[in-house]
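Asks: Sequence and computational prediction follow.
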Amino acid sequence: MRVGLVIYGHLDIVSGGYRYDRRLVDYLRRCGDTVTVYARPWRNYLRHLADNLSPAWQTELQKAAVDVLLQDELNHPSLFGLNGRLQATTAYPIISIVHHLRSSEAHGAWANRLYRAVERRYLATVDGFICNSPATAASVTALVGSERPLLVALPGREDTTPAMDEAAIRRRALASGPLRLVFLGNLIPRKGLHTLIAALAELPKGRVRLTVIGDPTVAPGYAARCQRQVRRLGLTAVVDFRGLLAEADVAAELAQGQVLVIPSTYEGFGMAYLEGMGYGLPAVAGRFGGAAAVVTDGENGFLVTPGDVAALAHHLACLADDRDLLLRLSLAARERYRRHPTWDETAARVRAFLEETIDDGR
């Protein structure tokens, strides 16, 4: 099978969506398929829209020797107009990998109208969808209906589970001292770090500690604002900004932590929640979007309304004070991870979907 993949930048970018694409490409190549990556440079949204007028970009995709063209939906502004011309001049089906819709995020009213209009037009120009969660699938069908093929293929877990057995999780959960929180994600407003910092200020000193792992260069203004917030609230001894870490260092922090807290305003899935559960970390997540595909409220973590500082502080206080509760949620988180499909199992479902799409044609 000859597969094309349209992305921005390169596959090694650190984010859940790029990890999904990267693991899929790796699996397809191990199966003997040829995968060609068609990359556009990262620019701002308006400049991406102008890609639809680029003769060189159109020619590159028209000449693509592929059986199916995958497009990461993140690239929709560069494709919403071009895809119609591709449909008219090429034989390959176009499948969109949808991690989450930009129009599902919290933006200003005018911006959301623009994003919704462009995404609706883009989604109408493809032949099928691969969605990373039921919530993402619902967002897609709400915009363009359910007439075209759609596969829900959850992000996978690693084939080997982290070396955290039940005894180690028990010792960690019942250990005395401040509750050790971990935030894992790019430092961008959608991830809700500012809400978490505000919640920490509501707790008595010495009750919790927070390690922040994530790239501060994606939205440097926001990252600086969070650091100022920590200083203003007198939390410099409580919050440790670690920056972007290597995988081995992330694993070490997750093994030492006790709760993963990422109170996002919206997640298509929330791969970090699943990653933390591999280490027996209950997840405190935003309730909107796809987090509920892995986080069950009150069973292996908590779901909070974005921006609800009081509710977030309440859950953290409960976990800090009730280590038996923490242990119960920790063990349930570990079990949830072990039941989850592996990356190869997810990629195999995607590959079968692609083969069926090629056989059916447009």
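Replies: Thanks, I have the structure now.

Asks: Okay, helices next: where are they in the stretch 201-350 of the chain?
Replies: 220-232, 247-256, 271-277, 309-321, 323-339, 343-360 (DSSP state H, counting those that start in this stretch).

Asks: Out of the ones you listed, which gets nearest to residue 33?
Replies: Smallest distance to residue 33 across those (Cβ to Cβ): 7.6 Å, for helix 343-360. Using the backbone N, CA and C atoms, a C-beta is placed for each residue, glycine as well.

Asks: pretty sure residue 36 belongs to a helix, no?
Replies: No - counting by DSSP: H, G, I helix; E, B strand; the rest coil, residue 36 is not part of a helix but strand.

Asks: wait, which of the helices of the stretch 201-350 of the chain is closest to residue 21?
Replies: Residue 21 sits nearest to helix 343-360 of all these, at 10.6 Å, using Cβ to Cβ.

Asks: Okay, buried residues for the closest one please.
Replies: Of all the residues in helix 343-360, those buried under the rule 16 or more other Cβ atoms under 10 Å are 343-344, 346-351, 353-354, 357-358.

Asks: Among these, which one lies nearest to residue 297?
Replies: Taking these together and measuring to residue 297 by Cβ to Cβ, the closest member is residue 346, at 24.3 Å.

Asks: surely that closest one meets residue 155?
Replies: Yes - using Cβ atoms under 8 Å, residue 346 is in contact with residue 155, at 6.8 Å.

Asks: What segments of the stretch 101-250 of the chain are strands?
Replies: Using DSSP state E, counting those that start in this stretch, the strands of the stretch 101-250 of the chain run over residues 128-131, 150-152, 179-184, 208-213, 239-243.

Asks: Let me see the residues that make contact with the fourth one.
Replies: So that's strand 208-213. For strand 208-213, the external contacting residues (Cβ atoms under 8 Å, 6 or more residues apart in numbering) are 178-185, 187, 193, 196-197, 200, 226, 238-245, 250, 253, 257, 261, 316, 320.

Asks: partner strands of it, parallel or antiparallel?
Replies: As defined by DSSP bridges, the strand partners of strand 208-213 come to strand 179-184 (parallel), strand 239-243 (parallel).

Asks: Compute the first-to-last residue distance for stretch 98-106.
Replies: Counting by Cα to Cα, to the nearest Å, you get 18 Å between the two ends of stretch 98-106.

Asks: in it, what's buried?
Replies: For stretch 98-106, burial by neighbour count (16+ other Cβ under 10 Å) applies to 98-105.

Asks: Identify, from those residues, the entry nearest to residue 48.
Replies: Set against residue 48, the nearest of the buried residues of stretch 98-106 by Cβ to Cβ is residue 102 (11.1 Å).

Asks: Could you report the pLDDT at the closest residue to the closest one other than its chain neighbours?
Replies: Spatial nearest neighbour of residue 102, excluding adjacent residues (Cβ to Cβ, 6 or more residues apart in numbering): residue 115 at 4.6 Å. Here, the pLDDT recorded for residue 115 equals 89.

Asks: Can you verify my assumption that residue 115 contacts residue 107?
Replies: Yes - counting by Cβ under 8 Å, residue 107 is a contact partner of residue 115 at 6.7 Å.

Asks: Settle it for me: which of those two has more neighbours?
Replies: The neighbour comparison of residue 115 against residue 107 (other Cβ atoms under 10 Å) goes to residue 115, with 19 against 15.

Asks: Next up, the contacts around that one.
Replies: Contacts for residue 115 (Cβ under 8 Å, 6+ apart) come out as 101-103, 107.

Asks: What's the separation between it and residue 165?
Replies: 45 Å (Cβ to Cβ, to the nearest Å).

Asks: With residue 219 instead?
Replies: Counting by Cβ to Cβ, the gap from residue 219 to residue 165 is 38 Å.

Asks: Same check on residue 45?
Replies: According to Cβ to Cβ, residue 45 stands 47 Å off from residue 165.

Asks: And for residue 78?
Replies: For residue 78, the distance to residue 165 equals 47 Å [Cβ to Cβ].

Asks: I'd like to know which of the contacts of strand 208-213 are buried.
Replies: The neighbour count (16+ other Cβ under 10 Å) marks 179-185, 187, 193, 196-197, 200, 226, 238-239, 241, 245, 250, 253, 257, 261, 316, 320 as buried among these.

Asks: State the pLDDT value of residue 13.
Replies: If you check residue 13, the pLDDT there is 84.

Asks: actually residue 281, sorry about that
Replies: Residue 281 is assigned a pLDDT of 97 by the prediction.

Asks: Residue 94 too?
Replies: What the model reports for residue 94 is a pLDDT of 97.

Asks: Now for it: which residues touch it?
Replies: Counting by Cβ under 8 Å, 6+ apart, residue 94 touches 68-69, 71, 83, 86-87, 125-127.

Asks: and the gap between the nearest residue in space to residue 272 that is not next to it in sequence and residue 341?
Replies: Of all residues not flanking residue 272 in the chain, residue 184 sits nearest, at 4.5 Å (Cβ to Cβ, 6+ apart). Noted for residue 184: a distance of 21 Å to residue 341, by Cβ to Cβ.

Asks: ditto for residue 264
Replies: Noted for residue 264: a distance of 23 Å to residue 341, by Cβ to Cβ.

Asks: between the two, who's got more neighbours?
Replies: residue 264 (25 against 15).

Asks: can you give me phi and psi for the more buried one?
Replies: Note on residue 264: backbone dihedrals following degrees, to the nearest 10 are phi -60, psi 150.

Asks: Great, nothing more from me.
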